[in-house]
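>>> Here's a sequence, model it:
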Amino acid sequence: MNDLTWAELLAALPPETIFVDATRGVCLNASLVSGEATPLNQLTQAGVIEFIYKLLDAANRAQKTKNGALPTGSKLNSFSDPTWSTPNNAGLVTARHTVAAQFTVSTAVATAPLT
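Numbers count the residues shown, from 1 in each chain. So this is what the prediction gives:
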């Protein structure tokens with residue numbers, strides 16, 4: 001099964017964004033993923049959409065890097081390139097990412113990325 005490692009994802013993110021805590025295991029620093037100058041340290045702070053978008057973008061870049069070394073037929077295809085809308089009157093655009101994963105029907109838990 002091909003999948004990204006945490007180290008491969010970290011290579012597409014700022015240093016120290018992903019780290020291993022002796023008690024909790026692999027952890028992500030949401031402030032670093034989001035590019036925030038001050039720590040996100042309250043559960044009531046906004047920023048989840050930006051965090052998820054930037055994490056998906058990093059996963060897409062890590063997938064492209066990994067796919068460069070994989071033979072045809074083994075390449076990952078879980079994180080699509082974003083699609084962009086045209087700017088609205090305020091000059092804002094919408095970016096959409098698609099994520100694809102395979103699930104075991106009986107558990108509905110992701111078991112492997114699509115290849």
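
>>> Cross-check the contact I'm expecting between Leu55 and Gly35.
No - using Cβ atoms under 8 Å, Leu55 makes no contact with Gly35, being 11.6 Å away. The way it works is simple: take the backbone N, C-alpha and C, and place the C-beta from them, glycine included.

>>> ok, these two, which is more surrounded?
In this view Leu55 and Gly35 are compared by other Cβ atoms under 10 Å, and Leu55 has more residues nearby, 20 against 11.

>>> Point out the other helices and strands that the longest helix anywhere in the chain packs with.
Determined from DSSP state H, the single longest helix within the chain is helix 48-67. In terms of contacts (3 or more Cβ pairs under 8 Å, 6 or more residues apart in numbering; DSSP states H and E), helix 48-67 is packed against helix 6-10, helix 30-34.

>>> Buried deepest among those, which one?
helix 30-34 (a mean of 19; mean count of other Cβ atoms under 10 Å).

>>> Could you name the helices and strands sitting against that one?
With 3+ Cβ pairs under 8 Å, 6+ apart as the test, helix 30-34 has helix 48-67 packed against it.

>>> residues of the helix it packs on that come out buried?
Buried residues in helix 48-67, counting neighbours by 16 or more other Cβ atoms under 10 Å, are found at 51, 53-63, 66-67.

>>> I'd like those written out as TSV, with distance to Ala90 and pLDDT added.
Listed next are the buried residues of helix 48-67 as TSV, based on distance: Cβ to Cβ, whole Å; pLDDT from 0 to 100:
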residue	distance to Ala90	pLDDT
Phe51	22	94
Tyr53	18	93
Lys54	21	94
Leu55	25	96
Leu56	23	95
Asp57	22	95
Ala58	27	96
Ala59	28	96
Asn60	26	96
Arg61	28	97
Ala62	32	97
Gln63	32	96
Lys66	37	96
Asn67	36	95
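
>>> Tell me, how many residues neighbour the residue nearest to Ser80 when sequence neighbours are not counted?
Distances taken as Cβ to Cβ, 6 or more residues apart in numbering place Thr98 nearest to Ser80, at 4.2 Å, with adjacent residues excluded. Neighbour count for Thr98, taken as other Cβ under 10 Å: 11.
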